[in-house]
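*Asks:* can you look at this prediction? I've put the sequence above it.
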Amino acid sequence: MDEPLSDDFGREVTGVRISLTDRCNFDCVYCHNEGLGDTRGPMEPSENEMSADEIVRFLEVVEGYGVDSVKFTGGEPMLREDLEEIIRRTPDSMEVSMTTNGTFLPGRAEDLNAAGLDRVNVSQDALDPEAFAAITESGAYERVIEGVEAALDAGLAPVKLNMVVFEHTAGYVEGMVDHVAKNDGLQLQLIEYMPELTGKPEWNIDIGRVHDWLADIADRVEHREMHDRKRYFISDDGTVPEVDLADDAVDSDHPDADGVGMVEIVDPVENETFCANCGRVRVTHEGYLKGCLNRNDDLRSMGEMTREEIAETFEAVVANRVPYYGEYLIEGEDGEYEFNEKYLSPASAAD
Ligand SMILES: Nc1nc2c(ncn2[C@@H]2O[C@H](COP(=O)(O)OP(=O)(O)OP(=O)(O)O)[C@@H](O)[C@H]2O)c(=O)[nH]1
Ligand SMILES: C[S@@+](CC[C@H](N)C(=O)[O-])C[C@H]1O[C@@H](n2cnc3c(N)ncnc32)[C@H](O)[C@@H]1O
Ligand code: SF4
Ligand code: SF4
């Protein structure tokens, strides 16, 4: 195995995260679209989207740099009709996962598994169709539930349910934790609402309160290497206490055992430890490499490049990566994060 590249902050890059499209059949009120803005627009494939050949060429190049996992995301990655082909042609040495809104999994999950998909994350912000519709601006709740079932039936377990924790969903956290504790094959990923790219900081919930509550009810707590994320293991013994988290609104290596649900918290906002343990390079649907979700001033196009040029571009992107919180943004005396002047070029200052 080739040695992974490291950036100047000692962070090894072992994974890539590829946005296959910025199109989507949902219109979630919180969507950051992987840092690129609006997903609304025509649903037809755009000529700007990377082709299957371009995606596979990139993956074959970075395999040579020790990259051993790829996440396909979007927009909605399942809008790509050539998704099975892309997965089938992904290098065998890579773990392949996908994050989806789940609506297209029924009827397709088995083919994806057969093509080489190892696991899937499905966004499900509530267990209640009305709340779900209000958040996603879509009435496809039943379809998402069928999608989760289809993924489990196809052997894509564990299926991670992604739930963004913000003002609209805080009241459903307890129910979702209970749901994954009671249902084998499901895990829960509670994602801190990120206002950086979407605005609306008033929707924030103090994620620390969710950590405290889970720490109280968990049998066991682990730290995942990626981002130093905390994982709480919760038993299905009916002891989940009542709690109102909204009252002051302001490694797949561990398959869940029977009767125990795994809940992972993704809390990147103003979290220097999270950024210090970040080892993934992103690729936009148009084929730009991106060192950090929250930045768009470090994009480098792969355009019509040869393998050698892609390799050079990948090396340059890794060399240019900096932790977002703690380096690109630094904490001022008043406790607020502000831009580190050394990264403020005239171009990025205008963003
Ligand atoms: N700021 C930031 N947010 C992230 C990062 N990784 C994940 N997130 C947030 O978590 C959301 C869900 O991530 P997923 O695509 O489901 O997958 P993941 O949690 O990164 O990966 P796995 O747990 O390995 O499946 C992302 O869309 C982001 O909102 C990261 O590196 N930085
Ligand atoms: C951008 S979506 C793309 C994949 C797919 N369409 C889906 O919804 O799963 C990837 C993940 O980002 C999460 N997400 C989107 N906007 C967010 C925000 N502002 N804060 C935190 N997570 C967000 C979504 O909940 C979803 O789990
Ligand atoms: S389904 Fe995913 S990409 Fe589509 S709007 Fe919702 S979070 Fe964004
Ligand atoms: S450096 Fe950027 S991509 Fe990595 S964890 Fe921090 S905000 Fe996310």
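*Replies:* Yes, it's here. Numbers count the residues shown, from 1 in each chain. Ligands and ions are numbered 1, 2, ... in the order given.
*Asks:* what residues of stretch 16-25 count as buried?
*Replies:* Buried residues in stretch 16-25, counted by 16 or more other Cβ atoms under 10 Å: 16-25. In this view, the C-beta of every residue, glycine as well, is placed from N, C-alpha and C.
*Asks:* for those residues, which one is nearest ligand 4?
*Replies:* Among the buried residues of stretch 16-25, Arg17 lies closest to ligand 4 (Cβ to the nearest ligand atom), at 8.9 Å.
*Asks:* Glu338 should be in a strand, yeah?
*Replies:* Yes - residue assignment for Glu338, taken from DSSP: H, G, I helix; E, B strand; the rest coil, places it within a strand.
*Asks:* residues in contact with it?
*Replies:* Residues touching Glu338, when contacts are defined by Cβ atoms under 8 Å, 6 or more residues apart in numbering, comprise 329-332.
*Asks:* what's across from the residue nearest to Thr313 when sequence neighbours are not counted in the sheet?
*Replies:* Closest residue to Thr313 apart from its sequence neighbours, by Cβ to Cβ, 6 or more residues apart in numbering: Arg300 at 5.2 Å. Each beta-bridge partner of Arg300 is listed here, defined by DSSP bridges: Leu289.
*Asks:* my read: Arg300 touches Glu315, true?
*Replies:* No - taking Cβ atoms under 8 Å as the definition, Arg300 is not a contact partner of Glu315, at 10.5 Å.
*Asks:* those two: which has the busier surroundings?
*Replies:* Comparing Arg300 with Glu315 by other Cβ atoms under 10 Å, the one with more neighbours is Arg300, at 16 against 12.
*Asks:* quick check: the gap between that one and Glu309.
*Replies:* As for Arg300, its distance to Glu309 is 11 Å (criterion: Cβ to Cβ, to the nearest Å).
*Asks:* and what of Ser235?
*Replies:* Shown here: Ser235 relative to Glu309, a distance of 53 Å by Cβ to Cβ.
*Asks:* compare these two (neighbour count), which wins?
*Replies:* Neighbour comparison, Ser235 and Glu309: the larger count goes to Ser235, with 16 against 13 (by other Cβ under 10 Å).
*Asks:* surely that one and Arg220 touch.
*Replies:* No - with contact taken as Cβ under 8 Å, Ser235 and Arg220 are classed as non-touching, separated by 9.6 Å.
*Asks:* so what pairs up with the residue in the stretch 101-250 of the chain that ligand 1 sits nearest to in the strands?
*Replies:* Relative to ligand 1, the nearest point of the stretch 101-250 of the chain is Asn121 (3.8 Å; Cβ to the nearest ligand atom). The residues paired with Asn121 through beta bridges, assigned by DSSP bridges, are Thr99, Lys160.
*Asks:* find the nearest non-adjacent residue to the residue in the stretch 251-351 of the chain positioned nearest to ligand 1, please.
*Replies:* Among the residues of the stretch 251-351 of the chain, Pro268 lies closest to ligand 1, at 3.5 Å counting by Cβ to the nearest ligand atom. Ranked by Cβ to Cβ, 6+ apart and with sequence neighbours excluded, the top spatial neighbour of Pro268 is Phe274, at 4.8 Å.
*Asks:* tell me the SS of that neighbour?
*Replies:* Of the three states, Phe274 takes helix according to three-state DSSP.
*Asks:* thank you, goodbye.
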